[in-house]
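A.B. asks: 3D model of this:
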Amino acid sequence: MDTKLTLSLDKKVIEQAKKYAQKKNISLSKLIEAYLYRASSQEKEEHVISPLVKSLSGIIKLSKDFSHKKGYSDFLYEKYKTK
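C.D. replies: Here you go, the predicted structure:
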């Protein structure tokens, strides 16, 4: 059962969405419905990990006290330091 919904959106966004929907040969209403359905159902779905990612898991061994923030900070410092 379809129900009418009124939205207030930026005019440019609406124009872009209409062009996109036309290219995909779908109505703007169906496009928005599909987006909302997918966005609201993603919370229920578990993220599927591809076999490639699974095979890479555990390759890198890090020390217990490793800080990714410090590692990234050190990387940026080395990258942009002036010589």
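A.B. asks: Let's see the lowest-mean-pLDDT helix or strand in the chain as CSV, backbone CA atoms only.
C.D. replies: Lowest on mean pLDDT, DSSP states H and E among the helices and strands of the chain sits helix 51-56, with a mean of 84. Extracted in CSV, the C-alpha atoms of helix 51-56 (Å, rounded to 0.1, in the frame of the first residue of the first chain):
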residue,chain,number,x,y,z
PRO,A,51,37.0,-14.4,1.3
LEU,A,52,39.9,-12.1,0.2
VAL,A,53,39.5,-10.0,3.4
LYS,A,54,39.3,-13.1,5.5
SER,A,55,42.5,-14.5,3.9
LEU,A,56,44.3,-11.2,4.8
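A.B. asks: Give me the distance from it to the chain's centre.
C.D. replies: Helix 51-56 has its C-alpha centroid displaced from the chain centroid by 20 Å (Cα atoms, centre = their mean, to the nearest Å).
A.B. asks: moving C-terminal of it, what's the next helix or strand?
C.D. replies: helix 68-80 (DSSP states H and E).
A.B. asks: show me where pLDDT drops low in this structure?
C.D. replies: Along the chain, segments meeting pLDDT under 70 span 42-47, 83.
A.B. asks: show me the contacts for the residue nearest the centre of it.
C.D. replies: By Cα atoms, centre = their mean, the chain has its centre lying nearest to Ala39, at 10.6 Å. Residues counted as contacts of Ala39 (Cβ atoms under 8 Å, 6 or more residues apart in numbering): none. Every C-beta, even on glycine, is put in place using the N, C-alpha and C of the backbone.
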